[in-house]
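Novice: have a look at this prediction, sequence included:
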Amino acid sequence: MQWITHGVKLRWKRGSPPPFDHGVSLRDATRQQQVWLDAEKERLLQNGAWTRATRRSHVSRAFLVPKSGTNKWRLVVDFRWLNQWCVKNRVKMETLKKLRRLARPGDWCFSFDLQDGFHALGIHPDFQRFMQFDLQGDLLQCSAVPFGWNDAPRVFCKFVRVMVEALRSPQAAEDRREIRKLRDGSAVRQRWSVRRRAGGAGENANRHSGMRVLPYMDDFLVLVDSQREGFLRREKVQLVLHRLGLQRNEKKGQWEPTQVVEHLGLEVDLKLGQFRVTERRVHKIHTRAKEILCNAARNRRWIPAMRLASFTGLCQSVYLAVPAARLYLRELYFVLAEKRSWGAKVKISRAARGDLEWWPRLLVMSRWNGRKIWRSPTKAKVHTDSSMMAWGGVLNVKFPARGFWSDEMRNWHITHLELEAVYKTMQAFLKELEGKVVRLYCDNQAVVAMLSHFTSRNPDLMRRMRRLWLLLDLHDIELQARYIRSEANVWADNLSRCEDLDD
């Protein structure tokens, strides 16, 4: 590819930015930071990720971000001004959510990180001057893809895709001649695309006859059938990395095949089939929540918007393991929506304080920490419907339930009534549904969408959603919402529209 040979070019929205100078960075570094910074600067200059600039042109600021649990930092250049001029394309990454389709019960796995993965790709010499920064009087520029550039994730994922296809291909990992040709990414990808079209079964067949790899930026999870196969697959991974000139970070990842691995902040248990939040991350969430609550108490409920946003991002990252995560974040998002700017403060509402008080309970309420990787088979089917007059529900297309709305409730929006109909139906069949997986059919798309994620931007709907979730959680009911057309939802529809209880 051109990127490997000549480097990545920046793409402008409306021409390149005029020169700017944001000054000298990190003048106030502590002694400990300075020791790390000197060593890091020397390392990155030696491996070619940075070069010294000869002429001051487009100078951004740099700052240090501490790495959790270590005495190390990550140096990030603040390219926000530059990013306003750069074209940014969205990139779709493969997350742990895909593990449900990729993994099988009883699998083994191992994981690895790339050493300085972003630095494997260079920046085109003509564009390096746009990525300058002044580090304590030393004018430097990025000669490799840096953190902070808005198009870096897309560029890196596109580059890594070649390696992932090599690992997923059943032939490439075996044939050294194929691996040598990986350096010509376009030729290899063209050949693999021909193989996929000729294979009949398509890409999925190749993935399962080759390696089952789950990539996320520079983190990779490899799934295997047995521990023995894991050792064999490791050798092939090492071979592909070597041929591509890439290195594995030996200090990160789980290189020994196992059935329980920590990956992307979650504990993945392939033996029990569960996602769990790691103990370290649970303590981190607990500490952050307590800090925000204490800060709010001291400052009349006012806290920095960035601090709250950082906390919501941390909690959102564990939603695969905590089913109620989104349910107890919505009030915090309502608060963030009121911010004037990211540098401003926001006022914590009483409802938002309740959300913040819920998260520390993960330490003591272990039943909220853990979600099945593979969904259980459906054990019950429920149909619901609502009109402006009444609600109706049917269990397993055999047993009906219904009721009328009060005069006050008849003034509600139909979406509120449809959600209330779900709650009433669950209550009516509680004994029959307890401990079961329930497939719920509803002809209101908004309600189905809300129940699929258990979140809504409407505060009233959110309160009703929490009440429903608590009912389901208390009786160990797993709800799977599905949309059904109104004309197919006959019995529940009739129950909600009959005016006489004896009909």
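Specialist: Sure, I can see it.
Novice: tell me the mean pLDDT over the helix or strand containing Asp385?
Specialist: Element membership of Asp385 [criterion: DSSP states H and E] is strand 380-386. Per-residue pLDDT over strand 380-386 has a mean of 96.
Novice: and that strand, which strands flank it?
Specialist: strand 390-395 (antiparallel), strand 437-442 (parallel) (DSSP bridges).
Novice: okay, those strands, which one's buried deepest?
Specialist: strand 390-395 (a mean of 24; mean count of other CB atoms under 10 Å). C-beta here means a position set from N, CA and C on the backbone, and glycine is covered the same way.
Novice: got the contact list for that strand?
Specialist: Around strand 390-395, the neighbours that count as contacts under CB atoms under 8 Å, 6 or more residues apart in numbering are 380-386, 400-405, 417, 420-421, 424-425, 428-429, 432-433, 491-498.
Novice: can you name the element that comes right after that strand?
Specialist: With DSSP H and E setting the assignment, the helix or strand that follows strand 390-395 is strand 399-404.
Novice: pull the longest strand from this structure.
Specialist: Scanning the chain for the strand with the most residues, using DSSP state E, yields strand 58-66.
Novice: buried residues in that one?
Specialist: His58, Val59, Ser60, Arg61, Ala62, Leu64 (16 or more other CB atoms under 10 Å).
Novice: next, format the residues you listed as CSV and append distance to Arg330 and pLDDT.
Specialist: Shown next, in CSV, are the buried residues of strand 58-66 (distance: CB to CB, whole Å; pLDDT from 0 to 100):
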residue, distance to Arg330, pLDDT
His58, 41, 96
Val59, 41, 96
Ser60, 36, 96
Arg61, 35, 95
Ala62, 36, 94
Leu64, 33, 91
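Novice: since we're on Ile348, how many residues are nearby?
Specialist: Neighbours of Ile348 under the rule other CB atoms under 10 Å: 25.
Novice: what's near enough to touch it?
Specialist: Taking CB under 8 Å, 6+ apart as the test, what Ile348 contacts is Ile292, Ala296, Arg301, Trp302, Ile303, Leu308, Val335, Leu356.
Novice: return the members of those classed as buried.
Specialist: Buried among these (16+ other CB under 10 Å): Ile292, Ala296, Arg301, Ile303, Leu308, Val335, Leu356.
Novice: contacting residues around the first one?
Specialist: I take that to be Ile292. Listed by CB under 8 Å, 6+ apart, the contact partners of Ile292 are Ile303, Arg307, Leu308, Phe311, Ile348, Leu356.
Novice: dump the lengthiest helix in the chain to CSV, keeping only the CA atoms.
Specialist: Ordering each helix of the chain by length in residues (DSSP state H) puts helix 279-298 first. Output in CSV follows, covering the C-alpha atoms of helix 279-298 (Å, rounded to 0.1, in the frame of the first residue of the first chain):
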residue,chain,number,x,y,z
GLU,A,279,-12.2,-6.3,40.4
ARG,A,280,-9.7,-3.5,39.6
ARG,A,281,-12.3,-1.7,37.4
VAL,A,282,-15.1,-2.2,40.0
HIS,A,283,-12.9,-0.5,42.6
LYS,A,284,-12.1,2.3,40.1
ILE,A,285,-15.8,2.9,39.4
HIS,A,286,-16.5,2.9,43.2
THR,A,287,-13.7,5.4,43.9
ARG,A,288,-14.7,7.7,41.0
ALA,A,289,-18.3,7.7,42.1
LYS,A,290,-17.5,8.5,45.7
GLU,A,291,-15.1,11.3,44.6
ILE,A,292,-17.8,13.0,42.4
LEU,A,293,-20.4,12.7,45.2
CYS,A,294,-18.0,14.3,47.8
ASN,A,295,-17.1,17.0,45.3
ALA,A,296,-20.8,17.7,44.6
ALA,A,297,-21.5,17.9,48.4
ARG,A,298,-18.8,20.4,48.9
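Novice: after it, next one along is what?
Specialist: Taking DSSP H and E, what comes next after helix 279-298 is strand 302-304.
Novice: got a list of contacts for stretch 451-470?
Specialist: Against stretch 451-470 from outside (CB under 8 Å, 6+ apart): 323-324, 326-327, 329-331, 333-334, 351, 415-416, 419-420, 422-423, 426, 440, 442, 450, 479, 481.
Novice: likewise for stretch 399-406?
Specialist: For stretch 399-406, using CB under 8 Å, 6+ apart, the contacting residues are 388-395, 412, 417, 424-425, 428-429, 432, 491, 495-496, 498, 501.
Novice: mind giving me the PyMOL select for those residues, buried ones only?
Specialist: In PyMOL syntax, the buried subset of the contacts of stretch 399-406 is picked out as below (16+ other CB under 10 Å):
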select buried, resi 390+391+392+393+394+395+412+417+424+425+428+429+495+496
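Novice: could you list which of the contacts of stretch 399-406 belong to helices?
Specialist: Per DSSP H, those map to helices at Leu417, Lys424, Thr425, Ala428, Glu432, Trp491, Leu495, Ser496.
Novice: for Lys158, see how far away the second one is.
Specialist: Yep, that's Lys424 we're talking about. Computed as CB to CB, to the nearest Å, the Lys424 to Lys158 distance reads 50 Å.
Novice: on that earlier part again, which helices and strands does the longest strand of the chain pack with?
Specialist: strand 20-21, strand 24-25, strand 73-78, helix 80-83, strand 132-135 (3 or more CB pairs under 8 Å, 6 or more residues apart in numbering; DSSP states H and E).
Novice: what helices and strands are in contact with the fourth one?
Specialist: In terms of contacts (3+ CB pairs under 8 Å, 6+ apart), helix 80-83 is packed against strand 58-66.
Novice: which residues sit against the strand it packs on?
Specialist: Here strand 58-66 has contacts from 17, 19-23, 25-26, 29, 33, 37, 72-79, 81-82, 129-135, 139, using CB under 8 Å, 6+ apart.
Novice: ok, now stretch 85-102?
Specialist: Applying CB under 8 Å, 6+ apart, the set of residues contacting stretch 85-102 is 10-17, 149-151, 153-154, 157-158, 207, 212, 214-217, 221, 223, 263-264, 266, 268, 275, 320, 373-375.
Novice: are any of those buried, and which?
Specialist: Buried among the contacts of stretch 85-102 (16+ other CB under 10 Å): 10, 17, 149-151, 153-154, 157-158, 207, 212, 214-217, 221, 223, 263-264, 266, 268, 275, 320, 373.
Novice: which of those residues fall within strands?
Specialist: Short answer: those in strands (DSSP E) are Arg212, Leu214, Pro215, Tyr216, Leu221, Leu223, His263, Leu266, Val268, Phe275.
Novice: closest one of the residues you listed to Trp3?
Specialist: Nearest to Trp3 among those, counting by CB to CB, is Pro215 at 17.6 Å.
Novice: and the pLDDT for the closest one?
Specialist: Predicted confidence (pLDDT) for Pro215: 94.
Novice: can the strands paired with strand 380-386 go into a markdown table with extra columns for mean pLDDT?
Specialist: Below are these laid out as a markdown table (pLDDT from 0 to 100):
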| stretch | mean pLDDT |
| --- | --- |
| strand 390-395 | 96 |
| strand 437-442 | 95 |
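Novice: burial measure for Met465, as a count.
Specialist: 24.
Novice: okay, and it sits in which element?
Specialist: Judged by DSSP H and E, Met465 forms part of helix 459-474.
Novice: Thr30: neighbour count?
Specialist: 10.
Novice: same thing with the one 4 residues further on?
Specialist: Burial of Gln34, expressed as a neighbour count using other CB under 10 Å, amounts to 12.
Novice: coming back round to it: among the contacts of stretch 451-470, name the ones in helices.
Specialist: 330-331, 333-334, 351, 415-416, 419-420, 422-423, 426, 450.
Novice: pretty sure Gly148 contacts Val77?
Specialist: Yes: Gly148 lies in contact with Val77 (CB atoms under 8 Å); the separation is 4.8 Å.
Novice: more neighbours: which of those two?
Specialist: Val77 (24 against 19).
Novice: brilliant, that's me finished.
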